[in-house]
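**Student:** Give the three-dimensional model of this entry:
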Amino acid sequence: QVQLVESGGGLVQAGDSLRLSCVVSGGTFSTYAMAWFRQGPGKEREFVAAISMSGRTTYYGDSVKGRFTISRDNRKNTLDLQMNALKPEDTAVYYCAADRDDGHVPSYGQSWYDYWGQGTQVTVSS
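**Tutor:** Numbering: from 1, shown residues only. Modelled structure (predicted):
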């Protein structure tokens, strides 16, 4: 059974930084493309960032480009999201997700991801 557990969320002020982590167990992490999604209050879940299984290919949502960085450590089965220059509109529950079928090409779409974590809350005050 594959499990994803996010951590690192919290309450910060606008302009601050935060680093989220996701630990994956029970599967073959190094073969999965991975992604972060988020769901703000009253909003649909949206794509944040994705990374290929090798880590060489990354994609970002337009609203976070230049501020967020996705990375992974295949030795530790961890996925990270470094978030800088946070804005109140970044307030959301952040989810990590794993795509077991095509690790070479990370996807933007939620439907491609097979495994999901429970989420971690990030709140950015103005």
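**Student:** Tell me who's in contact with the residue positioned nearest the centre of the chain.
**Tutor:** Central residue of the chain (C-alpha atoms, centre = their mean): residue 36, 2.2 Å from the mean position. Applying C-beta atoms under 8 Å, 6 or more residues apart in numbering to residue 36 gives the contacts 20, 22, 48, 49, 50, 70, 79, 81, 94, 95, 96, 97. Yep, even glycine has a C-beta here, placed from its N, CA and C like the rest.
**Student:** Please report phi then psi for the residue lying closest to the fourth one once chain neighbours are set aside.
**Tutor:** If the residues on either side of it in the chain are set aside, residue 49 comes closest to residue 70, at 4.0 Å by C-beta to C-beta, 6 or more residues apart in numbering. Here is the backbone geometry of residue 70 (degrees, to the nearest 10): phi -100, psi 140.
**Student:** Run a quick check on residue 70 versus residue 52, I expect a contact.
**Tutor:** No - between residue 70 and residue 52 there is no contact under C-beta atoms under 8 Å: 10.3 Å.
**Student:** quick one: the strands in the chain?
**Tutor:** Ranges of strands in the chain, per DSSP state E, are 3-7, 10-13, 18-25, 33-39, 46-51, 58-60, 68-73, 78-83, 92-99, 115-116, 120-125.
**Student:** Can you check which of these gets nearest to residue 109?
**Tutor:** Residue 109 sits nearest to strand 46-51 of all the strands of the chain, at 7.6 Å, using C-beta to C-beta.
**Student:** contacts for the closest one?
**Tutor:** 33-40, 57-61, 64, 68-72, 79, 81, 94, 106-110.
**Student:** same check, this time on stretch 107-114
**Tutor:** 2, 33, 35, 37, 45, 47, 50, 59, 97-102.
**Student:** Stretch 56-73 too?
**Tutor:** Contacts of stretch 56-73 (C-beta under 8 Å, 6+ apart): 34-36, 46-52, 55, 78-86, 89-90, 104-106, 108.
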